[in-house]
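Chemist: here is a sequence together with a model predicted from it:
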Amino acid sequence: MWELLVLIIVVLGIHWWDYQSAVQEYTFAQPATLDRRDELSTLLKEKTPIAVEIGSLPWRSILAEKAAWTVVVESGAEMPVSSWATGGTTGGTTGGTKEEIVNNEALAAEMELATGLTDLDVGRPWWWLPELRDCRVDILREGQIVGLSWIGAERHWIGCTEGGPVTLWLVHSRYRRYLPVGSSVNPWTLTVAEAPWIGRVQYIEVTVKPGWCIGLPAHWGVAARVEGTGDAWIWSANQHSFLSFALSKLSMIS
């Protein structure tokens, strides 16, 4: 009995050490291709961001205008995505602007987005949980900025399927103590008045074009901004180990 308890503690300790460890340099792995799973599997074990050409996924306007997927908007109205995408008369617009979709995860599940990401799941390290989780789709408006957030999953994926491109502002966790807390933080406009130590923060910017995605390791910070004109159709998903999944659920409860 004691031997089993010691073994469990050792395994959890090694897992905790692996989860907390992170590569300190801003290095990007070479772009991975889905037809070389061994290469992708090796890169997923690294603690650096990964760029993958994922190809076409169903979350695109040309398909949305014909599909029967169900969307729910901010006002509570429910309609086929085709009515929403074409600006139909079923309540999907407010003052000429499409209402925001609020059933992002359910919509991703209905269109079976995860099926197109199977290669990412197959390439996961053996100690990660199967299946991609928290899959969701969204549309970022022209010029929209998604504030700084910190990744708790083993690997967080962000991809663009249409429009954009989307610029990601990436920062290593060792600079977290210099940055303000809150999902509304816009790192592109931070001043010394808001973050007195902002001059010490080193970061990188990466552009994600349609058909590509970026996989970010645990503990990195990320913000997003739509470049150019027009909207950006994006998706995101998480890969978890048992530890990162449990910690994410605990953070939601707290």
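Modeler: Perfect, I can see it now. Numbers count the residues shown, from 1 in each chain.
Chemist: ok, so what distance separates L148 from A64?
Modeler: 29 Å (C-beta to C-beta, to the nearest Å). The C-beta positions use only the backbone N, C-alpha and C, and glycine is treated the same way.
Chemist: all strands of the chain, in order?
Modeler: 50-53, 70-72, 78-80, 93-94, 97-98, 133-140, 145-150, 155-163, 166-171, 203-208, 212-217, 221-226, 232-239 (DSSP state E).
Chemist: okay, how far is it across stretch 49-67, tip to tip?
Modeler: From its first residue to its last, stretch 49-67 covers 33 Å (C-alpha to C-alpha, to the nearest Å).
Chemist: can you list contacts of it?
Modeler: 28-29, 31-34, 40, 43-44, 80-82, 84-86, 108, 111-113, 116-117, 120, 137, 155, 159, 161-162, 170, 206, 211-217, 220, 233-235 (C-beta atoms under 8 Å, 6 or more residues apart in numbering).
Chemist: of the residues you listed, grab the buried ones for ChimeraX.
Modeler: To isolate the buried ones among the contacts of stretch 49-67 in ChimeraX, judged by 16 or more other C-beta atoms under 10 Å, type:
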select :29,32,34,40,43,44,80,81,82,84,85,108,111,113,116,117,120,137,155,159,161,162,170,206,212,213,214,215,216,217,220,233,234,235
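Chemist: low-confidence ranges, the stretch 101-250 of the chain, go.
Modeler: For the stretch 101-250 of the chain, applying pLDDT under 70 flags the ranges 183.
Chemist: turn the strands of the chain into CSV, columns for distance to P125.
Modeler: Compiled in CSV, those are given as follows (distance: least, C-beta to C-beta, whole Å):
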stretch, distance to P125
strand 50-53, 13
strand 70-72, 35
strand 78-80, 39
strand 93-94, 45
strand 97-98, 40
strand 133-140, 15
strand 145-150, 21
strand 155-163, 9
strand 166-171, 22
strand 203-208, 23
strand 212-217, 12
strand 221-226, 21
strand 232-239, 9
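Chemist: between those, which one is nearest to S184?
Modeler: strand 145-150 (4.7 Å; C-beta to C-beta).
Chemist: quick one, that closest one and strand 133-140 angle?
Modeler: 150 degrees (axes from the mean of the first three to the mean of the last three C-alpha atoms, to 10 degrees).
Chemist: make 4 the starting number, not 1.
Modeler: Noted, 4 is the first residue going forward, which turns the last one into strand 148-153.
Chemist: what is strand 148-153 packed up against?
Modeler: Here strand 148-153 touches strand 224-229, going by 3 or more C-beta pairs under 8 Å, 6 or more residues apart in numbering; DSSP states H and E.
Chemist: from the contact counts, what lies against the strand it packs on?
Modeler: With contacts defined as 3+ C-beta pairs under 8 Å, 6+ apart, the packing partners of strand 224-229 are strand 148-153, strand 158-166, strand 169-174.
Chemist: tell me the strands beside the last one, with direction?
Modeler: Partners of strand 169-174 in the sheet, by DSSP bridges, are strand 206-211 (antiparallel), strand 224-229 (antiparallel).
Chemist: could I get that strand in CSV with only the CA atoms?
Modeler: What follows is strand 169-174 as a C-alpha-only set of coordinates in CSV (Å, rounded to 0.1, in the frame of the first residue of the first chain):
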residue,chain,number,x,y,z
VAL,A,169,-4.6,37.7,-37.1
THR,A,170,-1.5,39.0,-35.2
LEU,A,171,-0.7,37.3,-31.9
TRP,A,172,1.3,39.1,-29.2
LEU,A,173,3.1,36.3,-27.3
VAL,A,174,5.0,36.7,-24.0
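Chemist: buried ones in stretch 185-199, by neighbour count?
Modeler: Neighbour-count burial for stretch 185-199 [16+ other C-beta under 10 Å]: 188, 190, 193, 198.
Chemist: so the second one touches A226, yeah?
Modeler: Looking back up the chat, that one is P190. Yes - P190 lies in contact with A226 (C-beta atoms under 8 Å); the separation is 5.1 Å.
Chemist: what residues are shared contacts of these two?
Modeler: What both P190 and A226 touch, as defined by C-beta under 8 Å, 6+ apart, is the set 151, 172.
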